[in-house]
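Chemist: What would the 3D arrangement of this be:
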Amino acid sequence: MSMAGSTDTALMAALAALPHNPRVVASGNFATPMVVLDLLDKVVPTYRLHMLNAQRGIPDREGVQHETVFVGPGMRFSGSLSYIPTRLSLLPRLFGTRLPPDVALIHTSLPHRGTVSLGTEVNVLPAAIEQVRRRGGLVLAQMNAAMPYTYGDAVLPLDMVDHAIEVDVPLASPAQPVLDDASRVIGERVAARVPDGAVIQTGIGAVPAATLGELSHRRGLSVWTEMFSDGVLSLHRSGALDPAKPVTTSFVFGSPELYAWIDNNDRIRLTRTETTNDPAIIRNNAQMVSVNTALQVDLFGQANASRIGRAIYSGFGGQTDFVVGALHAPDGQALVALRSWHPKADRSTIVPLVDEPVTSFQMTAVVTEQGVAEVSGHDQRTQATQLIEHAAHPSVREELVEEARALHLL
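Modeler: Now for the predicted structure:
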């Protein structure tokens, strides 16, 4: 491995020797290695940039094709976007078949005892790195003094890295969610279904934050999730987490305080996506409670969490993986939590029939600020009635009843 400045001859030669239109897999979310990504963008005229939940500020010019299985704000309105519908747990397999990577751009800690750590973002990166090494490609690291050193699959031998650029730049953090009355009520309803000793999976946003905030008095909880933010740190501080069990995740983003907590904390295990998101592994967690959200839920118990009209908004992500895994777990629950009324679109989120492709379906229950609609194990008429009476906004219930009759659900 060579440590390089931005004009290092060996690094520039390696970039120039890449095949035409290489596929570049880069750390996504809030771990984007912008220094090395900008360098590659200056040297390589055309390439495919594959990132998960890409944030704003990534290269977006003629010659750069955006590619992802989960669309973030940096790619959401890209004219070059190539969206690949797939469960996140299956993306590592695609790197070995249909989506072979030529370059891996990673954001790591500084070296420690012959290793670096992928820090806040493990996800699909180990699979991408392995495939790049098998293909004789290029692994380029942005080694950051501010990146936490985390354990599990985050630890990477230095000899897996071809070239590195050392930086000292603060990590990005998402804005703290604003908890309105609806999110607080939804959080209370979800938390009421979480028993002591449960295993939690949730995401980021107002409803997850409200839910985790309501769990501070629980005991013996553990975390098996695709990602977590500051709410898990709050659970740790309140004593709600079982100290004997690791906190398992695939990536992390949150406040600088959260990053400081996970640094050199061997209780936090960052695990590759093939493990965290495998439904067959998730199902081994007794009392698994999976909490996800959606843009719409229809009267057949189908959730759209991916598309707004014809436009792809995000993707499957881990929702399909965790819904299936939780439903198969002993005493498991797969909950979909959302507001009954979409404030920006100014319309009901409970609809007769989703027009867009379905992300998940037949969850345990749907939770809104209106109540809890039980779905799993009920016949379709009962499902529809539950969703209308306990999840839908009162202003649309009469209309939904008429639509349900037309669909032969009532």
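Chemist: What's the separation between residue 127 and residue 155?
Modeler: Noted for residue 127: a distance of 15 Å to residue 155, by Cβ to Cβ, to the nearest Å. Yep, even glycine has a C-beta here, placed from its N, CA and C like the rest.
Chemist: Name the surrounding residues that touch the host helix or strand of residue 104.
Modeler: Using DSSP states H and E, residue 104 falls within strand 103-108. Contacts with strand 103-108, where a contact means Cβ atoms under 8 Å, 6 or more residues apart in numbering, come from 18, 22-27, 31-33, 36-37, 40, 47, 116-119, 121, 125, 128-129, 132, 137-144, 147, 156, 161, 164.
Chemist: Can you tell me the closest non-neighbouring residue to residue 353?
Modeler: Of all residues not flanking residue 353 in the chain, residue 298 sits nearest, at 5.0 Å (Cβ to Cβ, 6 or more residues apart in numbering).
Chemist: Let me see the ranges of the helices in the stretch 51-200 of the chain.
Modeler: Applying DSSP state H, counting those that start in this stretch to the stretch 51-200 of the chain gives helices spanning 91-95, 125-134, 181-191.
Chemist: What are the buried residues along the first one?
Modeler: So that's helix 91-95. Of all the residues in helix 91-95, those buried under the rule 16 or more other Cβ atoms under 10 Å are 91, 92, 94, 95.
Chemist: Let's see the pLDDT reported for the closest residue to the third one other than its chain neighbours.
Modeler: What sits nearest to residue 94 in space, not counting adjacent residues and going by Cβ to Cβ, 6+ apart, is residue 86, at 6.7 Å. In this model, residue 86 is scored at 95, pLDDT.
Chemist: what do you get for residue 5?
Modeler: 54.
Chemist: For the stretch 201-350 of the chain, give me the ranges with low pLDDT.
Modeler: The model of the stretch 201-350 of the chain has no residue with pLDDT under 70.
Chemist: any idea how far the closest residue to residue 264 other than its chain neighbours is from residue 333?
Modeler: Leaving aside its sequence neighbours, residue 264 sits nearest to residue 149 (Cβ to Cβ, 6+ apart; 5.3 Å). Look at residue 149 and residue 333: by Cβ to Cβ, they are 35 Å apart.
Chemist: before we move on, what about residue 90?
Modeler: According to Cβ to Cβ, residue 90 stands 24 Å off from residue 333.
Chemist: the more surrounded of these two?
Modeler: Ranked by neighbour count (other Cβ atoms under 10 Å), residue 90 and residue 333 place residue 333 first, with 21 against 16.
Chemist: Now that one, what are its backbone angles?
Modeler: The phi/psi pair for residue 333 (degrees, to the nearest 10) reads phi -140, psi 140.
Chemist: which residues sit in contact with it?
Modeler: 193, 288, 289, 290, 326, 364, 365.
Chemist: Which strands and helices lie in contact with the host helix or strand of the third one?
Modeler: What it means is residue 289. Residue 289 belongs to strand 288-292 when assigned by DSSP H and E. Applying 3 or more Cβ pairs under 8 Å, 6 or more residues apart in numbering; DSSP states H and E, we find strand 288-292 packed against strand 199-201, helix 206-213, helix 319-328, strand 333-337.
Chemist: swap the cut-off to 10 Å and go again
Modeler: In this structure, strand 288-292 packs against helix 181-191, strand 199-201, helix 206-213, strand 222-224, helix 319-328, strand 333-337, with contacts taken as 3 or more Cβ pairs under 10 Å, 6 or more residues apart in numbering; DSSP states H and E.
Chemist: quick one: strands adjacent to the following helix or strand past that strand?
Modeler: Counting by DSSP H and E, the next helix or strand C-terminal to strand 288-292 is strand 296-298. Its sheet considered, strand 296-298 pairs with strand 302-304 (antiparallel), strand 350-351 (parallel) by DSSP bridges.
Chemist: how about strand 296-298: buried residues?
Modeler: Using 16+ other Cβ under 10 Å as the test for burial, strand 296-298 gives 296, 297, 298.
Chemist: Residue 364 and residue 377 touch, don't they?
Modeler: Yes - Residue 364 lies in contact with residue 377 (Cβ atoms under 10 Å); the separation is 8.6 Å.
Chemist: ok, these two, which is more surrounded?
Modeler: residue 364 (21 against 9).
Chemist: mind listing what the more buried one touches?
Modeler: Neighbour list for residue 364: 193, 289-290, 323, 326-327, 332-336, 372, 374-377 [criterion: Cβ atoms under 10 Å, 6 or more residues apart in numbering].
Chemist: Thank you kindly, that will do.
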